[in-house]
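**Student:** starting from these lines, generate the structure:
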Amino acid sequence: MQTELVVLVLAALLQMVQMAIPGFFMSRAPGGSAYNLGPRDAKREPGIQEGRASRAFQNMDQNLLLFAIAVLALLGQHTWWTGLLAWAWLGLRVAYVPAYILGWVPWRSAIWAASFLLIGLMLLAALV
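**Tutor:** Next up is the predicted model:
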């Protein structure tokens, strides 16, 4: 399997983990387990870490789509460079999760910007 596709599958697994993290923080809050297991009819404000984890997941949703487009555009055009870009992107996305949840300022934004730049480089590589 092409390196970029392997990284895409791993990124999907990361997204699945990120999907569960807000629920983990929700369950740790007072009354959160009952709310998490229930129909969630009533509105409740998330805790700080739960809210950050949720926003990090939403950000992954947006970035994963762009990354998947870049990977699909590179099918049949794999090079060591595009493979390296893909692995670097995944590493940054893994680092982004604790950076967001723990509020690492300004590192969270720097990690996001670097991962976004890598997607752009992959898209440009697909065009040449």
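**Student:** so where do the helices sit in this protein?
**Tutor:** Counting by DSSP state H, the chain has helices at residues 3-28, 32-37, 48-73, 80-101, 107-127.
**Student:** any idea which of those helices has the lowest pLDDT on average?
**Tutor:** When the helices of the chain are ranked by mean pLDDT, helix 32-37 comes last with a mean of 68.
**Student:** for the spatially most central residue of the chain, give me its contacts.
**Tutor:** The residue lying closest to the centre of the chain (C-alpha atoms, centre = their mean) is Met60, at 3.1 Å. By C-beta atoms under 8 Å, 6 or more residues apart in numbering, Met60 lies in contact with 14-15, 18, 93, 96. Glycine gets a C-beta too; all of them are placed from N, C-alpha and C.
**Student:** how about these, which pair is most distant?
**Tutor:** Of all pairs drawn from those, the greatest distance, 11.8 Å, lies between Gln15 and Tyr96 (C-beta to C-beta).
**Student:** so for those two, which residue has more residues nearby?
**Tutor:** Comparing Gln15 with Tyr96 by other C-beta atoms under 10 Å, the one with more neighbours is Tyr96, at 24 against 15.
**Student:** I figured Leu121 hits Ala88, correct?
**Tutor:** No - contact criterion C-beta atoms under 8 Å: Leu121 and Ala88 do not qualify, at 9.5 Å.
**Student:** spatially nearest residue to Asp61 (excluding sequence neighbours)?
**Tutor:** Gln15 (7.3 Å; C-beta to C-beta, 6 or more residues apart in numbering).
**Student:** for the one you found, give me its contacts.
**Tutor:** Contacts of Gln15 by C-beta under 8 Å, 6+ apart are 57, 60-61, 64.
**Student:** by neighbours, which of those wins?
**Tutor:** That'd be Met60 among the contacts of Gln15, by other C-beta under 10 Å, with 23 neighbours.
**Student:** so how far is Leu72 from that residue?
**Tutor:** Per C-beta to C-beta, to the nearest Å, Met60 is found 18 Å from Leu72.
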